[in-house]
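Asks: I would like to see how this sequence folds:
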Amino acid sequence: MGLTSRLLSIASIALLYLLGVQVINFFTLKKLGRFPGREDYPFVSILVPARNEERNIEKCINSLLQQDYPNYEIIVLDDESEDRTWEILSRLAQGNDRLHLLKGKPLPEGWIGKCWACHQLSEKARGEFLLLVDADTFHKPSMLRSVMDAAHFYQADLISGLPHEKIETFSELLTIPLISWGILAAIPLPLAFALPHPALSITIGQLLLFKRESYERIGGHISVKDHVCEDMALGRLIKAKGLRWRLVDAGDVTECRMYTNLSEAVNGLSKTIFGALNFRVLLILLFSLLLWLMFCLPPWLLLKSLVNPFPRPLVRQALILVVLSLLSWRVANHRFRVPWYATFLYPVISGLAIFIFLRSMILTVTGKAQWKGRLLAIRRIHW
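Replies: Predicted coordinates:
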């Protein structure tokens, strides 16, 4: 029991630290729509890469066409879709001068599909600012104005916005809360805003606003052409060049439903998790171990003690960790409007997360990772 007690002590220290980070970030992360307006608004190009998005594309584009911003264009690239994406886009573009369509060119060797699509979009864009949004996002009319207000307030070269992630099925309830919890607990945002180290950044590709000149200064998507987690890589490049990155809560103006079933969620997260950690094996093993120690081991010990009683100090340690875990998950779920009852599913969510972490690493190392019918480029693995 001595080893178990020491492991629980380590888990308690780690969880107390992460809970402290969550509280700091809870109040640091500012919401779009709460920034002061500006007198003039520059021209913005909204760029939307789309591949096999017939389920989402009409709702996304209609929401972008309804923006109350005075000066913008929308450019959508159909990335060799095999469904009705192009047909829907063509109908939406009829008689609408603000909406421009591109047929994507064949994917060159060494490129990730989304990076290639975004590069082609950037070449056609005329805006002083580039706003990249995913095709499964939906936006209130105030979205563009509010994200530009944030960029002006922060004088930022890159604004990354966190949409409200919709949860409509039980399988989404087992996966999406992990993202919310991880973002809130990952790094202290005041420290990340103050220090230039590239690792101190979280960049979400669903909503990215670049100053055009800053995007070109880091080399655009060419510089991350084979990175499966290109959003995180772009954020790190911005900081590496001494430019200003900021993270904001876009949940009041943008929503997204990334996955509709467990298979989509597991495959989608498996595609990106290892890349988000910059393909570092020890990091993904360490995070998997911490999740197990903090969120899986304590409730398992409590359940086991009902059959085979443990020493009271050990039970007390496990109980304290369960209480801290419930508090930690409740803070994240409240901040990002995740259903309250998901808090009690945290051991299952964490166990599934460990599986996804390890699966992501194995698929990447073996060259079997793919997305939307395309194999992903093999990256160099770092210990």
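Asks: lowest average confidence, helix or strand, in the protein?
Replies: When the helices and strands of the chain are compared on mean pLDDT, DSSP states H and E, strand 374-375 comes out lowest with a mean of 58.
Asks: the longest helix anywhere in the chain: which residues count as buried?
Replies: Identified as the longest helix of the chain according to DSSP state H is helix 2-28. Judged by neighbour count (16 or more other Cβ atoms under 10 Å), helix 2-28 contains these buried residues: 7-8, 11-12, 15, 18-19, 21-22, 24-25. For the C-beta atoms, the positions are set from N, CA and C on the backbone; glycine is no exception.
Asks: just stretch 83-99 next, same as before
Replies: Neighbour-count burial for stretch 83-99 [16+ other Cβ under 10 Å]: 85-86, 88-89, 92-93, 99.
Asks: now do stretch 290-297
Replies: 290-297.
Asks: if we can go back for a sec, nearest to Pro309 among the buried residues of stretch 83-99?
Replies: Of all the buried residues of stretch 83-99, Pro309 sits closest to Thr85, with 59.8 Å by Cβ to Cβ.
Asks: ok, the closest one - contacts?
Replies: By Cβ atoms under 8 Å, 6 or more residues apart in numbering, Thr85 lies in contact with 50-54, 57, 78.
Asks: so which residues of this protein form strands?
Replies: 44-50, 72-78, 99-103, 129-133, 137-139, 158-162, 164-165, 207-211, 245-249, 254-256, 370-371, 374-375 (DSSP state E).
Asks: Pro190: which of those is closest?
Replies: Here strand 245-249 is closest among the strands of the chain (Cβ to Cβ), at 11.4 Å.
Asks: list of residues touching the closest one?
Replies: 29-32, 147, 150, 154, 156-162, 189, 192-193, 201-204, 235, 238-239.
Asks: so of those, which ones are in helices?
Replies: By the criterion of DSSP H, membership of the contacts of strand 245-249 in helices covers 147, 150, 154, 189, 192-193, 235, 238-239.
Asks: ok, and the most crowded of those residues?
Replies: Val147 (29 neighbours; other Cβ atoms under 10 Å).
Asks: hang on, isn't that residue packed against Leu158?
Replies: No - under the criterion of Cβ atoms under 8 Å, Val147 is not in contact with Leu158, lying 11.3 Å apart.
Asks: which neighbours do these two have in common?
Replies: Leu209.
Asks: which residues of this protein score low on pLDDT?
Replies: Judged by pLDDT under 70, the chain has its weakly predicted residues at 1, 368-383.
Asks: that older thread, in helices only, show me the contacts of Thr85.
Replies: Taking DSSP H, the ones among these that sit in helices are Ile57.
Asks: closest to Ser180 out of the contacts of Thr85?
Replies: Nearest to Ser180 among those, with distances taken as Cβ to Cβ, is Glu53, at 23.8 Å.
Asks: just to revisit the earlier point, of all the strands of the chain, which lies closest to Gly110?
Replies: strand 374-375 (12.3 Å).
Asks: still on that earlier bit, any chance of the buried residues of stretch 83-99 in a markdown table, with distance to Glu172 too?
Replies: Converted to a markdown table, those look like this (distance: Cβ to Cβ, whole Å):
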| residue | distance to Glu172 |
| --- | --- |
| Thr85 | 23 |
| Trp86 | 28 |
| Ile88 | 24 |
| Leu89 | 27 |
| Leu92 | 28 |
| Ala93 | 32 |
| Leu99 | 30 |
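Asks: which of those residues sits closest to Ile179?
Replies: Closest to Ile179 out of the buried residues of stretch 83-99 is Thr85 (25.5 Å), distances taken as Cβ to Cβ.
Asks: domain ranges for the protein, per the record?
Replies: Annotated domains of the chain cover 2-25+277-375, 29-260 [automatic domain parsing].
Asks: could I get those as CSV with distance to Leu269?
Replies: CSV is the format used below for the domains of the chain (distance: least, Cβ to Cβ, whole Å):
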stretch, distance to Leu269
domain 2-25+277-375, 5
domain 29-260, 7
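Asks: out of those domains, the one nearest Val266 is which?
Replies: Checked against Cβ to Cβ, the stretch from these lying closest is domain 2-25+277-375, at 6.0 Å.
Asks: now do Leu16 against Phe295, distance only.
Replies: Leu16 sits at a distance of 14 Å from Phe295 (criterion: Cβ to Cβ, to the nearest Å).
Asks: comparing the domains of the chain, which comes out most buried?
Replies: Mean neighbour count (mean count of other Cβ atoms under 10 Å) peaks for domain 29-260 among these, with a mean of 19.
Asks: for His197, give me its contacts.
Replies: Lys239.
Asks: for it, phi and psi?
Replies: Torsion angles at His197 (phi, psi; degrees, to the nearest 10) stand at phi -60, psi 130.
Asks: Gly104 contacts Asp78, correct?
Replies: Yes - using Cβ under 8 Å, Gly104 is in contact with Asp78, at 5.9 Å.
Asks: if I pick the spatially most central residue of the chain, what's in contact with it?
Replies: The centroid of the chain falls nearest to Ile204 when counting by Cα atoms, centre = their mean (4.0 Å). Contacts for Ile204 (Cβ under 8 Å, 6+ apart) come out as 160-163, 183, 231, 247.
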